[in-house]
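> sharing a model prediction with you, sequence too.
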Amino acid sequence: MNIRKATPNDAHAICEIYNYYVENTVATFETAPISENEGEQRINNAISSGHLFYVGKVDGKIIGFYCTRVWNPRSAYETTAEESIFLHKDETGKNYGTQLFEHLLKNIKKTNIHTLIGSICLSNESSIRLHEKFGFKQVSHMKEVGRKFDQWLDIGHWQLIVSN
């Protein structure tokens with residue numbers, strides 16, 4: 001897989017990947033698909049704020065992406081970021097998530113980020129396994145904090161200290 005920085009021109013492919021999860025899963029708690037304009041805005045915001053936004057390509061096609069963003073806007077949290085990784089629904093189980101996570105962890109060390117947070121719906125076993133594979137530890141369990149598909153959902157936070 002070839003991994004490179006995202007550009008606003010990648011918004012269509014990113015939205016196609018992400019919106020599948022919005023509409024069909026609890027991997028994200030967004031409930032309405034995002035537009036390409038919103039996708040472009042998210043890419044630009046990540047880049048302009050010094051956060052990471054990368055895409056993974058196989059055979060010239062974007063099959064996944066990762067990004068980091070502000071975890072909490074209060075200033076004392078400025079060295080903590082939340083991360084997300086999404087793969088095209090047909091590309092899971094092929095080690096691409098691992099490759100994107102390895103790339104993220106290599107690049108996060110080049111930033112001022114000290115702590116990474118993964119917010120995961122507790123029914124998302126594959127995301128939990130991926131985070132724990134890279135040393136993330138569960139630090140919270142929040143009951144019934146989200147509602148999607150007419151059900152209450154629990155989330156957990158997984159944390160990794162990336163610098164000392």
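Ah, there it is. Numbering: from 1, shown residues only.

> now do the strands in this structure.
Applying DSSP state E to the chain gives strands spanning 2-5, 53-58, 61-70, 80-87, 115-121, 137-148, 151-161.

> how about the last one: buried residues?
Buried residues in strand 151-161, counting neighbours by 16 or more other C-beta atoms under 10 Å, are found at 153, 155, 156, 157, 158, 159, 160. The way it works is simple: take the backbone N, C-alpha and C, and place the C-beta from them, glycine included.

> show me the shaky parts of the chain.
164 (pLDDT under 70).

> center of the chain, which residue is that?
residue 84 (0.8 Å; C-alpha atoms, centre = their mean).

> not counting its neighbours along the chain, what's nearest that residue?
residue 67 (5.6 Å; C-beta to C-beta, 6 or more residues apart in numbering).

> please name the bridge partners of that neighbour.
residue 53, residue 84 (DSSP bridges).

> who touches stretch 127-139?
Contacts to stretch 127-139, defined as C-beta atoms under 8 Å, 6 or more residues apart in numbering, come from residues 27, 85, 97-98, 101-102, 105, 116, 118, 120-122, 156-160.

> for that stretch, buried residues please.
Buried residues in stretch 127-139 (16+ other C-beta under 10 Å): 127, 128, 130, 131, 136.
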